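*Asks:* only the shape, not the letters, is given here:
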């Protein structure tokens, strides 16, 4: 579980989650109380309680087996998709998370006293837990959130997507007329802007729209002071159609409809979801085209110098998409939530040619930006360019057989990066498809999809060595089963 989301789950539930994560990562048939106590850094007595609580929770999931006998926990079939389900459900029932929802969204329009009564706590307990939550999130971050509605909505959206909150919400909420209408608005935006989203991208955008709806209904509108964080729009017909939709469907003033549209487009650029052909929706695209052309000319020069002749049109398209995000005023707002996250690329690679090219690209965009980037932002830009550059330098042919769909909420750039990295490994025998079909065997994502019955692997953060190993083992297992089931006689000599 990612560190920054831990404050939303109370300590007792967090210990149970950590136990399930321990079981999933170690993949042993049994674990002693001593092992559990050492890992969780708790007493044997406490480990006994946590283990029994885990057994009770496991009974809610028929796909797993968990038993506790003779001071030993016996387990089977616990993978990270199951762990993600458990995390989401535990968060949904956790008091800190409920207090967060009440404070920042107040979906059910309750007063503090009504909320306290609904969850069965006193006013003193409520304010103590609320103070602890604010301290855990970070008082500096809380202050920044309260200064900007842009910051606030984006942060709430990030938390709700991580825990798949609306996937577990009651029908009284998700079937409400305004909720249905907002989903229709999200779908209309995708239609009029010619966006063909993956499942994760669609969920991500719908959650974003729903958070905007709930904040607006709580009298927390986007203000003129927030505009400096948003891209500036051109007068494209597709944008005018959507503004008119917001004006008529939601009865927004035309000025407010334009601000909402700017926020939606900014979000789609941030998640690499706006098609390349629609980057002309934003006035900043003029600068984007200049820097992208400079980068492509540099690549063309290097290729000519090496005597290499390859098609770089796909690279140009991807650079345009990532440059739009980097040059967006929202880029620094996005990093506000990830200032401490400076991990390496998903697959560490020592490649001086790639490092030099990434550094050149970063220097080019840094000199183009209206405001200087700090070290955290430079680190993030390097990582973004790494997602684009590394696969192009390392690609080679593979024999593909196991069907996988890679579908992260952050969109095409990360999806393609992981796809290309898998392709470079050469011995995985996989086919990576864009969309889920009847042939799909593995769905790799960062947000669980409750409608899919296929095997799901959920990577919410940079995968650990154990997670990579588990993924490889699953592929090899599926491939072996495919071979064994394809023909009863597989001896090539007969």
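*Replies:* Received it, and whenever you're ready, just let me know what you need. All values reported here derive from a predicted model rather than from experimental measurement.

*Asks:* looking at the record's assignment, how would you partition the chain?
*Replies:* 3-91, 148-279, 284-392, 402-486 (automatic domain parsing).

*Asks:* closest one to residue 110 among those domains?
*Replies:* Distance to residue 110, taken as C-beta to C-beta, is lowest for domain 148-279 among the domains of the chain, at 11.5 Å. C-beta here means a position set from N, CA and C on the backbone, and glycine is covered the same way.

*Asks:* would you state the helices of the stretch 51-200 of the chain in chain order?
*Replies:* 80-92, 95-104, 112-119, 123-137, 139-147, 149-162, 171-174, 177-192, 199-217 (DSSP state H, counting those that start in this stretch).

*Asks:* spatially nearest residue to residue 106, not counting backbone neighbours?
*Replies:* Spatially, and ignoring its direct neighbours in sequence, residue 106 is nearest to residue 218 (5.6 Å; C-beta to C-beta, 6 or more residues apart in numbering).

*Asks:* sorry, that was for residue 253
*Replies:* residue 247 (7.6 Å).

*Asks:* which positions within whichever strand or helix holds that neighbour qualify as buried?
*Replies:* For residue 247, the host element (DSSP states H and E) is helix 237-249. The neighbour-count check on helix 237-249 (16 or more other C-beta atoms under 10 Å) flags 239, 242, 243, 245, 246, 247 as buried.

*Asks:* just give me the closest of those residues to residue 201.
*Replies:* residue 242 (17.5 Å).

*Asks:* wait, that closest one touches residue 191, no?
*Replies:* No: in this structure residue 242 lies outside contact range of residue 191 using C-beta atoms under 8 Å: 9.8 Å.

*Asks:* pLDDT score for the closest residue to residue 213 other than its chain neighbours?
*Replies:* Leaving aside its sequence neighbours, residue 213 sits nearest to residue 182 (C-beta to C-beta, 6+ apart; 4.7 Å). Per-residue confidence (pLDDT) for residue 182: 92.

*Asks:* which SSE is immediately downstream of the lowest-mean-pLDDT helix or strand in the chain?
*Replies:* Sorting the helices and strands of the chain by mean pLDDT, DSSP states H and E puts helix 331-336 at the bottom, at a mean of 67. Scanning forward in sequence from helix 331-336 by DSSP H and E, the next helix or strand is helix 352-368.

*Asks:* which positions in that following helix come out as buried?
*Replies:* Buried-residue list, helix 352-368, by 16+ other C-beta under 10 Å: 354, 357, 358, 360, 361, 362, 364, 365.

*Asks:* quick one, what contacts the fourth one?
*Replies:* Contacts here follow C-beta atoms under 8 Å, 6 or more residues apart in numbering; on that basis residue 360 touches 295, 298.

*Asks:* and residue 322, how close does it get to residue 195?
*Replies:* Between residue 322 and residue 195 the distance is 17 Å, computed by C-beta to C-beta, to the nearest Å.

*Asks:* these two: who's more crowded?
*Replies:* residue 322 (21 against 18; other C-beta atoms under 10 Å).

*Asks:* can you give me how far stretch 76-85 is from the chain middle?
*Replies:* How far stretch 76-85 lies from its chain's middle: 18 Å, per C-alpha atoms, centre = their mean, to the nearest Å.

*Asks:* quick one: terminal-to-terminal distance for that stretch?
*Replies:* 16 Å (C-alpha to C-alpha, to the nearest Å).

*Asks:* which regions of the chain lie under the pLDDT threshold?
*Replies:* 306-309, 333-351, 392-400, 424-428, 480, 482-494 (pLDDT under 70).

*Asks:* spatially central residue in it, please.
*Replies:* A centroid search over the chain (C-alpha atoms, centre = their mean) returns residue 409, at 4.5 Å, as the residue closest to the centre.

*Asks:* my guess is that one contacts residue 449. True?
*Replies:* No: under the criterion of C-beta under 8 Å, residue 409 makes no contact with residue 449, lying 10.9 Å away.
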